[in-house]
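Asker: Give the three-dimensional model of this entry:
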Amino acid sequence: MLFMILVKASKNAEAGNFPSAELQEAMTKYNRELVAAGVRVMAKGLYPSSNGVKISYPSPGAEPVRTEGPFENPSDIVAGFILLDVDSREEALKWAMKMPDPQGDGEGQIEVRQVHE
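Answerer: The predicted structure is shown next:
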């Protein structure tokens, strides 16, 4: 079963600031554990939303609307993701609960979602 851990952004991440050396080390250790267990498919961080574009579809048949970033509400923005291949939802949640605070400043939030296969 595939699950995606979505790492939510913070004001600090949206400012383009990199995590502290301690947090980078903790996340590297966590990712090594995922790899060693054979459950990590992929993990990537994303550039701040100031580098992004939203495309919305306001009504059926209408032209899409393009909105340049940055976007509001960092907690609604995805800052990165980890894709896991595990045997159950509980296993995915077990791994998610082991993740260090991804923002390192008490603003960290993650979301765990199953991927359609």
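Asker: May I ask which helix or strand of this protein has the lowest mean pLDDT?
Answerer: helix 11-14 (a mean of 88; mean pLDDT, DSSP states H and E).
Asker: next SSE after that one?
Answerer: The C-terminal neighbour of helix 11-14 among helices and strands, as given by DSSP states H and E, is helix 21-36.
Asker: what's the angle from the helix or strand that that following helix is followed by to helix 21-36?
Answerer: Following helix 21-36 in sequence order, the next helix or strand is strand 40-45 (DSSP H and E). For strand 40-45 against helix 21-36, the angle by axes from the mean of the first three to the mean of the last three Cα atoms, to 10 degrees is 160 degrees.
Asker: next helix or strand past strand 40-45?
Answerer: Later in the chain than strand 40-45, the nearest helix or strand by DSSP H and E is strand 53-56.
Asker: model confidence over whatever helix or strand comes next after that next one, on average?
Answerer: Helices and strands here follow DSSP H and E; after strand 53-56, the next one along the chain is strand 65-68. Averaged across strand 65-68, pLDDT comes to 96.
Asker: Then stretch 72-85?
Answerer: Rounded mean pLDDT across stretch 72-85 is 93.
Asker: who touches it?
Answerer: 1-11, 13-14, 31, 34, 39-46, 49, 71, 92, 95, 99, 102, 107, 109, 115 (Cβ atoms under 8 Å, 6 or more residues apart in numbering). In short, each C-beta sits where N, CA and C put it, glycine included.
Asker: do that again at 7 Å, thanks
Answerer: Residues from elsewhere that reach stretch 72-85 (Cβ atoms under 7 Å, 6 or more residues apart in numbering): 2-11, 13-14, 39-46, 49, 71, 92, 95, 109.
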